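# Pasting a predicted model and its sequence here:
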Amino acid sequence: MRLQEAVKKETGFISVGCLCLTGLMLLLFYVFNRYFPEQIPFGKKVVISGILGCVVAILNFFWMAVTVQKVTSIEDESRARGVMALSYRNRMLMQLLWVVLAFALPVFNGAAGLIPLFIPSVLIKCRGLVNGMPVPKRKGR
């Protein structure tokens, strides 16, 4: 199966957005750690957890996009629904496994591993808001 341009474009958008916002998250961890070192940790655990959380978020989105591409070529609606449902279940299990590991293993920071999983959803919603907004008309000339 060849990836459609839409899958490449959307995965690129999510990847860049995830990397940027995860970088911002790590910067905020660093800044807050300077002011509240007892409450907000910063170090290798936070950085590794943030990066791995970002990778899981991107993989989840890519897996979903590939599944949607695959489902569009399936003519039997019940089979298409089954493929989507299976993909959804497996993607949620992947994320759940990552969250459990991020919180359970001492080499990770749970919060830094969890936060990036929300980034793709935030990016999609923000883009929808921006694209749905009417363009203001310029007055004058």
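In hand now; what should we look at?
# Run through the neighbouring helices and strands of the helix or strand of the chain with the lowest mean pLDDT.
The weakest-scoring helix or strand in the chain, judged by mean pLDDT, DSSP states H and E, is helix 119-132 (a mean of 88). Using 3 or more CB pairs under 8 Å, 6 or more residues apart in numbering; DSSP states H and E as the contact definition, the elements that helix 119-132 packs against are helix 5-35, helix 44-71. Every residue, glycine included, has its C-beta placed from N, CA and C.
# Switch those helices over to TSV; also include mean neighbour count.
Compiled in TSV, the helices and strands packed on helix 119-132 are given as follows (neighbours: other CB atoms under 10 Å):
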stretch	mean neighbour count
helix 5-35	15
helix 44-71	19
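# Nearest to Leu129 among the ones you listed would be which one?
helix 5-35 (14.2 Å; CB to CB).
# any idea how far Phe32 is from Glu38?
11 Å (CB to CB, to the nearest Å).
# what residues are shared contacts of the two?
Taking CB atoms under 8 Å, 6 or more residues apart in numbering as the criterion, Glu38 and Phe32 do not both touch any residue.
# Check which helix or strand Ile40 maps to.
Using DSSP states H and E, Ile40 maps to neither a helix nor a strand.
# so what's it up against?
Counting by CB under 8 Å, 6+ apart, Ile40 has contacts 29, 32-33.
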